[in-house]
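J.: predicted coordinates and the sequence they were generated for:
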Amino acid sequence: MRSNSDTTKGVAFDINKNISYAIGSVVSKTLLKKDTGNITLFSFDAGQGLSEHTSPYDAVVHVIDGEAVITIGGKSQTVKAGQMLIMPAGVPHALMADVQFKMLLIMIRGN
């Protein structure tokens, strides 16, 4: 997973064009990192994913391209471009991209 942070605050940008796909890889780009949370842009090549894990914080997933199967608490659903969901803190979740997929992940820290 590669990551960098070169987004300029106060300047509009095309979120879908701000990250590219890499063959056989997951690419991440941190857009904003604060003590209170992070905003990270991801691209997944087809067949790539994130194995089941938990987070102590709620996380918002906004799909910007393609689709992926997201499993939360053992229940799977396909989430497509233009859709979003909130993954609750402390609940195991995983992600698998059957096709190329881009998402914006917003992690909110706190109680």
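T.: Okay, I see it.

J.: show me where this structure has helices.
T.: Ranges of helices in the chain, per DSSP state H: none exist.

J.: residue ranges with poor pLDDT in it?
T.: 1-7, 111 (pLDDT under 70).

J.: biggest strand in the chain, by residue count?
T.: Identified as the longest strand of the chain according to DSSP state E is strand 58-72.

J.: which strands border it, and is each parallel or antiparallel?
T.: strand 75-80 (antiparallel), strand 84-87 (antiparallel), strand 93-96 (antiparallel), strand 101-108 (antiparallel) (DSSP bridges).

J.: and it, what's buried?
T.: 58-68, 70-72 (16 or more other Cβ atoms under 10 Å). C-beta: built from backbone N, CA, C; applies to glycine.

J.: again, but for stretch 16-34
T.: For stretch 16-34, by 16+ other Cβ under 10 Å, it's 18-19, 21, 26-27, 29, 31.

J.: for that stretch, the distance to its chain's centre please.
T.: 9 Å (Cα atoms, centre = their mean, to the nearest Å).

J.: what about it, how long is it end to end?
T.: 23 Å (Cα to Cα, to the nearest Å).

J.: residues making contact with stretch 69-86?
T.: Stretch 69-86 is contacted by residues 52, 58-68, 87-88, 91-96, 98 when judged by Cβ atoms under 8 Å, 6 or more residues apart in numbering.

J.: one more time with 6 Å, if that's ok
T.: Counting by Cβ atoms under 6 Å, 6 or more residues apart in numbering, stretch 69-86 makes contact with 58, 60-63, 65, 67, 87, 91, 93-96, all of which sit outside it.

J.: one step back: could I get the buried residues of stretch 16-34 as TSV with distance to L104?
T.: What follows is the buried residues of stretch 16-34, written out as TSV (distance: Cβ to Cβ, whole Å):
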residue	distance to L104
N18	10
I19	10
Y21	15
V26	14
V27	13
K29	10
L31	8
